[in-house]
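Asker: quick one, fold the following:
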Amino acid sequence: MKINDQRTLVATADGSNTVFDARTGEHYHSRHGAIGESRHVFLEMGLQHFLDLNPTKSNVTLVEIGFGTGLNFLISAEYCDSKGVNLDYHGVEAYPLEFEIIAALGYNQYITDELWNEFLKNYSQAFHANVSLNKHSAFRVYPQTVLDFTPPKADVVYFDAFSASHQPEMWSEEVLQHVAGMMNPGGIFVTYSVTGSLKRRMQKLGFSIEKLPGAPGKREMLRAVKV
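Answerer: Numbers count the residues shown, from 1 in each chain. Purely as a prediction, here's the structure:
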């Protein structure tokens, strides 16, 4: 379904929706499954893994590079609420999606109605201030470039930029160094991509590297831990 001249709502293979962006020629999530990719790459391999390694941790600061549709945030907030963990979330998005697109995506089927309704109610406000959605989750979205963004130190980073073939500047050594500077020692960086240049750059920045099975349709993904 075409929403405007630049963006189209697209159903992915697992039934969840994503957005096609004509400006970049990219989908915001994998065509093989938006919710499947978000759960596997970001929630399970990222946030959940960090909490498994730090079972006494009751507060987590999470930074996402590429807020996009908000799906990664929503499933993370849902998970933290179920575990009684306080989530302080900061998303960077230089080209925010309009509220009408966010509301049309139908992600309420993957989270509680309460969380979905609070998210929609506060979506626009979150571009100006930190917003609490419930007793465990607060978020803010920054409509700016990564290099202009200086957050609090992060425990987990979701790196969900568009691919290097369409946005090579997002995968540059300069950007990755800036992101590394945001992270606490022991912090976890996860992304759907794994290339030789990305691995070398992350190792140079002082990360230990793991290649893990990717989401459906993708053979591998990358997890990096800041030493």
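Asker: where in this structure is pLDDT low?
Answerer: Where the chain drops to pLDDT under 70, the residues are 1-5.
Asker: moving C-terminal from the longest strand along it, which element do we reach first?
Answerer: For the chain, the strand with the greatest residue count under DSSP state E is strand 183-191. Going down the chain from strand 183-191, the next helix or strand is helix 196-204, by DSSP states H and E.
Asker: packing partners for that following helix?
Answerer: helix 173-180, strand 207-213, strand 220-226 (3 or more CB pairs under 8 Å, 6 or more residues apart in numbering; DSSP states H and E). (Each C-beta comes from the backbone N, C-alpha and C, glycine too.)
Asker: at 10 Å instead, please
Answerer: helix 173-180, strand 183-191, strand 207-213, strand 220-226 (3 or more CB pairs under 10 Å, 6 or more residues apart in numbering; DSSP states H and E).
Asker: of all those, which lies closest to P55?
Answerer: Smallest distance to P55 across these (CB to CB): 13.6 Å, for strand 183-191.
Asker: list the buried ones in stretch 40-51?
Answerer: Going by neighbour count (16 or more other CB atoms under 10 Å), the buried part of stretch 40-51 is H40, V41, F42, L43, E44, M45, G46, L47, Q48, H49, F50, L51.
Asker: pull the CA atoms of whichever strand or helix holds D155 into CSV?
Answerer: Per DSSP H and E, D155 falls inside strand 154-159. What follows is strand 154-159, C-alpha atoms only, in CSV (Å, rounded to 0.1, in the frame of the first residue of the first chain):
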residue,chain,number,x,y,z
ALA,A,154,24.8,2.5,26.6
ASP,A,155,24.8,-1.1,27.8
VAL,A,156,23.3,-2.3,24.4
VAL,A,157,23.4,-0.8,20.9
TYR,A,158,21.1,-1.9,18.2
PHE,A,159,22.8,-0.8,14.9
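Asker: before we move on, the earlier item: from the chain's centre, how far out does the longest strand of the chain sit?
Answerer: 13 Å (CA atoms, centre = their mean, to the nearest Å).
Asker: helices or strands next to it in the packing?
Answerer: By 3+ CB pairs under 10 Å, 6+ apart, strand 183-191 packs against helix 49-53, strand 59-65, strand 154-159, helix 173-180, helix 196-204, strand 207-213, strand 220-226.
Asker: what's the most buried one of these?
Answerer: Ranked by mean neighbour count, those are led by strand 154-159 with a mean of 25 (mean count of other CB atoms under 10 Å).
Asker: cool, thanks, talk later.
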